[in-house]
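1. Attaching a predicted model along with its sequence, questions to come.
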2 protein chains.
Amino acid sequence: MNKHELDTPVAVIDLDRMENNIRKLQRYLDAHAIANRPHIKTHKIPEIAQMQLAAGAVGITCQKVSEAEVMAAGGVTDILITYNILGSTKLTRLMKLAKQVKLSVTADSVQVINGLATAAEAAETALTVLVECDTGGERCGVQSPEEAQLLARLITDAHWLHFGGLMIYPNNENLDPFVQQTSALLVPHGIGIERVSGGGTPQMWQAHTHQELTEHRAGMYLFGDRYTLRSGALTLDDCAFFLLATVVSRPTANRGILDSGSKSLSSDLLGLDGHGLILEYPEARIYGLSEEHGHVDFSACTSRPDIGERVTIIPNHCCVVTNLFDELVGLRGDQVEKIWPVAARGTVK
Amino acid sequence: MNKHELDTPVAVIDLDRMENNIRKLQRYLDAHAIANRPHIKTHKIPEIAQMQLAAGAVGITCQKVSEAEVMAAGGVTDILITYNILGSTKLTRLMKLAKQVKLSVTADSVQVINGLATAAEAAETALTVLVECDTGGERCGVQSPEEAQLLARLITDAHWLHFGGLMIYPNNENLDPFVQQTSALLVPHGIGIERVSGGGTPQMWQAHTHQELTEHRAGMYLFGDRYTLRSGALTLDDCAFFLLATVVSRPTANRGILDSGSKSLSSDLLGLDGHGLILEYPEARIYGLSEEHGHVDFSACTSRPDIGERVTIIPNHCCVVTNLFDELVGLRGDQVEKIWPVAARGTVK
């Protein structure tokens, strides 16, 4: 089937470009002896995870237990969940997973570590735990090397837990000093930091500048989007992820309405102006979204689309778009080669 | 099961309140002899559509053919699709639906009407078409009564199409004059406007002030959200839709991180400040979302939550949240009474 026969809106992948993106990052990280552990939140498809592993990734990263369950069912055997797991329901599922695959998780508090320790003990199953450190990302993570050291010792002291190192997101200039200071604090206790896992697609080509980094996690590098383009980490020719849409209305000379709204493009702005780049009309601005309509201003364009015309959009943020679709269509040139169910879509638990 | 046993994040409905919202709008529209045609984009669940119909709705509104297919399969027999349907794939599906249920659609251009006429003729099936009019909403819709008149005549002239009246969204002060001017232009052609369908939850209690309105479409009235609260159309005590979330990190004295990000709350702002109202901490501000994390500033709160504590969030926009979940949980008080699959979730075609 040709891509022009696909009904819109539809999310499509340029397979050549995606495969090239997989190879390129792997080659770079290999050259610097940094382990590659891609984040599957971007694609949520076990078959694509397998392609990343086949290229040389040491394992994958998931954000939720439910994502990890889908990936384990899809044959992935080494998973890091970069999330504080809390509550008996999730902990029970986590320990079930820990019996099936090589599993590691992160923690940034005594409460989370205590929960993990209790669950691991009840399951009589070892679990590797990394301490999440906030080096400026201001999301989760301990605030100081002193706190990191205390949690590392707590993990080490728990019978069924194994201290797996430090996790940081995103990589920045504080990464090395934070790790070095934590390491120095742990030396008297005989505790080493076996793994320093950093992440972020915008920062990926600078991974080698962090001397302490042993592992890198990137998600969006696979597809690219407007956010990644703005960061400079990928170019327009690297972009492998598009939304195909149709112009359904041209109410005025300047206004055009697409069949793609916040339920297909998502309303993520990430600081960008507008909701996507229309490749055929790069001067156009998707200035608003309602649920099933994209509102476009074509006033800056020399030509304007007709009703029924199809356009190709690079979304602001590929990960949230994947999560809105039940399947992604893989294209080889203009031909449909694959239709993948987004197996881990909607797995927010 | 008690709601406290539900794992988070989870979208829940207060059934008493939802049922009350259904009754209240129906009573109001009945009192003013305005037909009620609720928009199912908010819930996407056939069983809830059936509750709206049982209360007195004349039919339902869908935004996409795929939503209508799910609703028809769920036993709904009168459907208006308020969307320009284009392309042979969708038109084929549309005409198949037209053979099954009482179907009407909208159009705002010659191109869309020609496509509908050709499809209806090929299927030898009658189809009712309303003309969408832009009375200030600035999305789709013809810009003037003259254009509306031309399209109404085009529909009337098409053998298998039936001119069903005018569709407007959202209701505003231009509705009556636009309809009256169009009507006057159609009189010489012997064409009457049998139905004037307006819509919008924020405007619902003013529906009776539009003398030309014969039908009203509302979606969010069922659940309510921060957007509806701001409009004044519903009060906090009417709100029937909540996201239950868990505090997974408290990295600093003021910062708290929830297990709900843009993949469960959506990033829709709709002009609001922050990404949701936390009922237990109304002074808290959800200032940012990453995909699986909600970033909360608790600095204005007198007390702060502990790690592991559960909170109840009223999202900014209920419709897009429903679309992110595979199921909605109906609560009677604190007890789980229903678990509904969101059957029309992800149906953007």
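-> Okay, I see it. Since this is a predicted model, take the numbers as computed values, not measurements. Numbers count the residues shown, from 1 in each chain, chains lettered A, B, ... in the order given.

2. Tell me how far the spatially most central residue of chain A lies from chain B.
-> Against the mean C-alpha coordinate of chain A, by CA atoms, centre = their mean, the closest residue is A:Gly219 at 3.4 Å. For A:Gly219, the distance to chain B (CB to the nearest CB, to the nearest Å) stands at 9 Å. No exception for glycine: its C-beta is placed from N, CA and C like everyone else's.

3. what does the domain assignment say about chain A?
-> Split into domains by automatic domain parsing, chain A comes to A:3-9+A:227-341, A:32-219.

4. for chain A, what spans make up the helices?
-> Here chain A has its helices, by DSSP state H, at A:15-31, A:46-54, A:65-73, A:88-100, A:110-123, A:145-157, A:175-186, A:226-231, A:318-322.

5. CSV for those, including mean neighbour count?
-> As requested, the helices of chain A are exported to CSV (neighbours: other CB atoms under 10 Å in any protein chain shown):
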stretch, mean neighbour count
helix A:15-31, 17
helix A:46-54, 19
helix A:65-73, 22
helix A:88-100, 17
helix A:110-123, 19
helix A:145-157, 19
helix A:175-186, 19
helix A:226-231, 20
helix A:318-322, 27
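
6. In a markdown table, list these along with distance to chain B and mean pLDDT.
-> As requested, those are exported to a markdown table (distance: least, CB to the nearest CB, whole Å; pLDDT from 0 to 100):
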| stretch | distance to chain B | mean pLDDT |
| --- | --- | --- |
| helix A:15-31 | 20 | 98 |
| helix A:46-54 | 17 | 98 |
| helix A:65-73 | 9 | 98 |
| helix A:88-100 | 4 | 98 |
| helix A:110-123 | 4 | 98 |
| helix A:145-157 | 9 | 98 |
| helix A:175-186 | 14 | 98 |
| helix A:226-231 | 12 | 98 |
| helix A:318-322 | 6 | 97 |
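
7. so can I have TSV of the ones you listed showing distance to B:Ser66?
-> Output for the helices of chain A, formatted as TSV (distance: least, CB to CB, whole Å):
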stretch	distance to B:Ser66
helix A:15-31	26
helix A:46-54	25
helix A:65-73	24
helix A:88-100	32
helix A:110-123	41
helix A:145-157	48
helix A:175-186	46
helix A:226-231	27
helix A:318-322	18
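
8. Select, out of these, the one closest to B:Tyr28.
-> B:Tyr28 lies closest, by CB to CB, to one member of the helices of chain A: helix A:318-322, at 37.1 Å.

9. And that closest one, what does it pack against?
-> For helix A:318-322, the packing partners by 3 or more CB pairs under 8 Å, 6 or more residues apart in numbering or on different chains; DSSP states H and E come out as strand A:241-249.

10. tell me what the strand it packs on is packed against?
-> If contacts are counted by 3+ CB pairs under 8 Å, 6+ apart, strand A:241-249 sits against strand A:10-14, strand A:255-258, strand A:310-315, helix A:318-322.

11. That one vs helix B:88-100, what angle?
-> On the basis of axes from the mean of the first three to the mean of the last three CA atoms, to 10 degrees, strand A:241-249 is oriented at 60 degrees to helix B:88-100.

12. Report the contact partners of A:Val321.
-> By CB atoms under 8 Å, 6 or more residues apart in numbering or on different chains, the contact list for A:Val321 reads A:Ala11, A:Asp225, A:Phe241, A:Leu243, A:Ser264, A:Leu265, A:Ser266, A:Pro315.

13. For the closest residue to the third one other than its chain neighbours, give its distance to chain B.
-> Read that as A:Phe241. Among residues not flanking A:Phe241 along the chain, A:Phe223 sits closest, at 3.5 Å (CB to CB, 6 or more residues apart in numbering or on different chains). Distance of A:Phe223 to chain B, computed by CB to the nearest CB: 14 Å.

14. what's the neighbour count on A:Phe223?
-> A count of nearby residues for A:Phe223, using other CB atoms under 10 Å in any protein chain shown, gives 30.

15. what pLDDT does A:Gly346 get?
-> Note on A:Gly346: pLDDT of 87.

16. same question, A:Ser303
-> In this prediction, A:Ser303 has a pLDDT value of 96.

17. A:Phe65 touches A:Lys96, doesn't it?
-> No Phe there; residue A:65 is Val. No. With contact defined as CB atoms under 8 Å, A:Val65 does not reach A:Lys96; the gap is 9.5 Å.

18. quick one on the thing from earlier: and the residue nearest to A:Phe241, what does it touch?
-> A:Ile13, A:Met18, A:Asn21, A:Thr42, A:His43, A:Cys239, A:Ala240, A:Phe241, A:Cys318.
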